[in-house]
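Enquirer: need a structure here:
(chains A and B)
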Amino acid sequence: DAGVTQSPTHLIKTRGQQVTLRCSPKSGHDTVSWYQQALGQGPQFIFQYYEEEERQRGNFPDRFSGHQFPNYSSELNVNALLLGDSALYLCASSLYAVRRADTQYFGPGTRLTVL
Amino acid sequence: AQRVTQPEKLLSVFKGAPVELKCNYSYSGSPELFWYVQYSRQRLQLLLRHISRESIKGFTADLNKGETSFHLKKPFAQEEDSAMYYCALSGLSNTGKLIFGQGTTLQVKP
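Expert: Numbers count the residues shown, from 1 in each chain, chains lettered A, B, ... in the order given. As a prediction, the model looks like this:
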């Protein structure tokens, strides 16, 4: 089991563009959470998906949206990119039935640079 | 407001010295507290959580509700402990949503 995988590893976009990041959860997991980690900061919770629905959301604008597919993989979409969206985007997977924060497994992240 | 504060960006110690990474939190309720670690070129991983009251790699952390603190301690630092450490909390009603501190880089010098 490769654990949580994310693609791409790095991405460079310009202001105003749109971006899609992808995440495949750890085998057996059905819940995906997304975090944004700006340089020098801790990760910030964006939202969580289970059964293809957004279950929880952090303090992020509607430009940030997501999707979960029947195979539990997930996408994070960011529209109208701003320079401030430059960050490492982390995906974490878990099992909803357990519903404990300590059972989350993190992926390696996607580094997004907005120019 | 829910918040986790790690006052030190960098903590540098010599091998064999004691280590204490500070973490203070603000939360109206009974949170769960965690320490996550990220070694160089590796992904973020759970180190320990307060509920288990266990020692992992020689590290311990005690939840002090009076001082709202959850400091991470190790009596004798090793070079392989050098990493970024994040304190995080999860409210019992917000399962899956972790609130992280800004992180502390621990540098253990030979």
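Enquirer: ok, residue A:60 - contacts?
Expert: By C-beta atoms under 8 Å, 6 or more residues apart in numbering or on different chains, the contact list for residue A:60 reads A:36, A:44, A:46, A:47. Using the backbone N, CA and C atoms, a C-beta is placed for each residue, glycine as well.
Enquirer: nearest to chain B, of these?
Expert: residue A:44 (7.3 Å; C-beta to the nearest C-beta).
Enquirer: how about the residues of chain B by chain A?
Expert: Neighbours of chain A within chain B, by C-beta under 8 Å from any C-beta of the partner chain: B:4, B:6, B:9, B:32, B:34, B:43-46, B:49, B:86, B:88, B:90, B:94-103.
Enquirer: so which elements touch the least confident helix or strand in chain A by mean pLDDT?
Expert: Every helix and strand of chain A was ranked by mean pLDDT, DSSP states H and E. The lowest is strand A:53-57, at a mean of 91. Counting contacts by 3 or more C-beta pairs under 8 Å, 6 or more residues apart in numbering or on different chains; DSSP states H and E, strand A:53-57 packs against strand A:44-50.
Enquirer: wait, does the strand it packs on make contact with chain B?
Expert: Yes - Strand A:44-50 comes into contact with chain B (C-beta under 8 Å from any C-beta), by way of A:44, A:45, A:48.
Enquirer: which elements pack onto that strand?
Expert: Going by 3+ C-beta pairs under 8 Å, 6+ apart, strand A:44-50 lies up against strand A:31-37, strand A:53-57, strand A:64-68.
Enquirer: distance of the residue nearest the centre of chain A from chain B?
Expert: The residue lying closest to the centre of chain A (C-alpha atoms, centre = their mean) is residue A:34, at 3.1 Å. Distance, residue A:34 to chain B, using C-beta to the nearest C-beta, to the nearest Å: 11 Å.
Enquirer: what residues does that residue make contact with?
Expert: A:23, A:45, A:46, A:47, A:48, A:66, A:74, A:76, A:89, A:90, A:91, A:92.
Enquirer: do that again at 6 Å, thanks
Expert: A:46, A:47, A:76, A:91 (C-beta atoms under 6 Å, 6 or more residues apart in numbering or on different chains).
Enquirer: ok, and the most crowded of those?
Expert: When neighbours are counted by other C-beta atoms under 10 Å in any protein chain shown, residue A:91 leads the contacts of residue A:34 with 28 neighbours.
Enquirer: do I have it right that residue A:27 meets residue A:4?
Expert: No - applying C-beta atoms under 6 Å as the test, residue A:27 and residue A:4 come out as separate, 9.8 Å apart.
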